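Undergrad: What follows is a predicted structure for the sequence shown.
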Amino acid sequence: MKHAQATEPDAKAEELVTLESRADAERIALLAAERKATDIRVLRVRELVQYTDYFVVCSARSDRQVAAVREHVQATMKAERGLRPLSVEGTDTHQWAVIDFGEVVVHVFYEPVREFYQLEALWSDAPEIEVDLPETPA
């Protein structure tokens with residue numbers, strides 16, 4: 001009689017996935033900065049949720065800027081890494097756009113909407129990842 005052996009997850013493979021998703025999150029933060037997004041934060045939520053590793057949260061000063069950030073992130077991630085979103089929400093009003101890349105979920109907020117929902121407060125236990133972003137003029 002054969003016994004099923006319990007297999008442990010391959011820690012090295014798991015770490016490679018984590019490094020890749022972190023690199024994607026950092027790249028997305030830089031892409032948002034290229035379109036003048038503000039208050040860009042990368043949160044590691046891997047230990048808090050089961051559906052993603054990172055949130056990238058940023059603000060835009062208008063609904064048109066929300067659209068521009070979303071479009072730039074989508075197009076560049078597809079062109080550079082062949083990464084297509086699993087889903088995209090918020091394309092009708094551009095008040096809060098969500099791009100779900102699986103391991104990274106991007107939230108692009110119109111500033112007043114971000115202040116209202118305070119998404120980061122919901123995820124205050126998530127460690128923030130430092131990303132070297134270009135300085136943005138005030």
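TA: Looks like it arrived, so ask away.
Undergrad: Now do stretch 42-59: distance to the chain's middle.
TA: Taking CA atoms, centre = their mean, to the nearest Å, one finds stretch 42-59 lying 7 Å from the centre of the chain it belongs to.
Undergrad: List the buried residues in it.
TA: 42-46, 52-59 (16 or more other CB atoms under 10 Å). C-beta here means a position set from N, CA and C on the backbone, and glycine is covered the same way.
Undergrad: now the end-to-end length of it.
TA: 13 Å (CA to CA, to the nearest Å).
Undergrad: and the next element down the chain from the helix or strand of the chain with the lowest mean pLDDT?
TA: Least confident helix or strand of the chain, by mean pLDDT, DSSP states H and E, is helix 11-34 with a mean of 81. Once the chain leaves helix 11-34, the next helix or strand it forms, by DSSP states H and E, is strand 38-44.
Undergrad: what does that following strand contact?
TA: Outside strand 38-44, the residues within contact range by CB atoms under 8 Å, 6 or more residues apart in numbering are 22, 25-26, 29, 32-33, 53-61, 111, 114, 120, 123, 126-129, 131, 133, 136.
Undergrad: Many thanks, have a good one.
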